[in-house]
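>>> build the 3D model from these lines:
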Amino acid sequence: MLGGTFDPVHLGHLRSALEVREALALDRLHLVAAPRPPLRDTPQVCAEERFALLEAGVGDTPGLVADDRELKREGPSYSVDTLAELRREVGGEARLCMVLGHDAFLRLTEWHDPEAIFSLAHLVVIARPGYRDTRSKALAELVANREVDSVAELMARPGGRFLPLELASRMAISATDVRARLAEGKSVRYLVPDAVEARLFARGLYQTGR
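Numbers count the residues shown, from 1 in each chain. Prediction:
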């Protein structure tokens, strides 16, 4: 699973998801839309609109799944609950991974029950352009003795390990920049999929005065 607000989804999200799926040889990768993550600012657009954009962006891409299960759940969006649900679906022996960007990884110890994540799944952290690996003491202790150097080591067991993963594209696109461009009336062509761009303008999303 790769969770996020997707506020809005852009090509950086989707290209990273595709490359993670290929690198780990995953059957499928769930892009899980969060209604309002506890450690993030309130999204600018409602969850239903963000999920519609995510569905438009994913389209019919093989192996990528736009997943709205957190939008149907009452209360806060805790990733550990989503992992527990996925684990029940795939069974105890399947390889299950939670994928994070590096900026989110640096705040992992602030998450709800981070230790439980490793009892349910592997953690795969995508390197992000411009971010340095400055782990806090608490984070270093959390991932100590879990880190592996290869996909083969990661996939040797159902969960419990940690793999930093560098992707080939490393697209430096941010949702913040996409929102700012939309608010300023600037083009977002080639930053988001065509289907997402069409819906953004048809619905007037993120655009000042709309």
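>>> packing partners of the helix or strand of the chain with the lowest mean pLDDT?
For the chain, counting by mean pLDDT, DSSP states H and E, helix 102-105 ranks last in confidence among helices and strands (a mean of 88). Helix 102-105 sits against strand 122-126, with contacts defined as 3 or more C-beta pairs under 8 Å, 6 or more residues apart in numbering; DSSP states H and E. Yep, even glycine has a C-beta here, placed from its N, CA and C like the rest.
>>> and the strand it packs on, how far from the chain's centre?
10 Å (C-alpha atoms, centre = their mean, to the nearest Å).
>>> please name every helix or strand in contact with it.
Against strand 122-126 (3+ C-beta pairs under 8 Å, 6+ apart) you get helix 11-24, strand 97-101, helix 102-105, strand 162-165.
>>> out of those, which gets nearest to Leu2?
Of all the helices and strands packed on strand 122-126, it is strand 97-101 that lies closest to Leu2, at 4.2 Å by C-beta to C-beta.
>>> just want the angle from that closest one to strand 122-126.
With axes from the mean of the first three to the mean of the last three C-alpha atoms, to 10 degrees applied, the angle from strand 97-101 to strand 122-126 works out at 30 degrees.
>>> report the distance from strand 97-101 to the chain centre.
6 Å.
>>> hmm, back to that, let me have the helices and strands packed on strand 122-126 in CSV, extended by distance to Gly185 and mean neighbour count.
Output for those, formatted as CSV (distance: least, C-beta to C-beta, whole Å; neighbours: other C-beta atoms under 10 Å):
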stretch, distance to Gly185, mean neighbour count
helix 11-24, 20, 19
strand 97-101, 28, 22
helix 102-105, 28, 17
strand 162-165, 37, 19
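>>> make CSV from these and add distance to Ala183 to it.
Converted to CSV, the helices and strands packed on strand 122-126 look like this (distance: least, C-beta to C-beta, whole Å):
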stretch, distance to Ala183
helix 11-24, 19
strand 97-101, 23
helix 102-105, 22
strand 162-165, 33
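>>> rank those by pLDDT, which is bottom?
Looking at the helices and strands packed on strand 122-126, the lowest mean pLDDT belongs to helix 102-105 (a mean of 88).
>>> past that one, which element shows up next along the chain?
With elements assigned by DSSP states H and E, the helix or strand that comes after helix 102-105 is helix 114-120.
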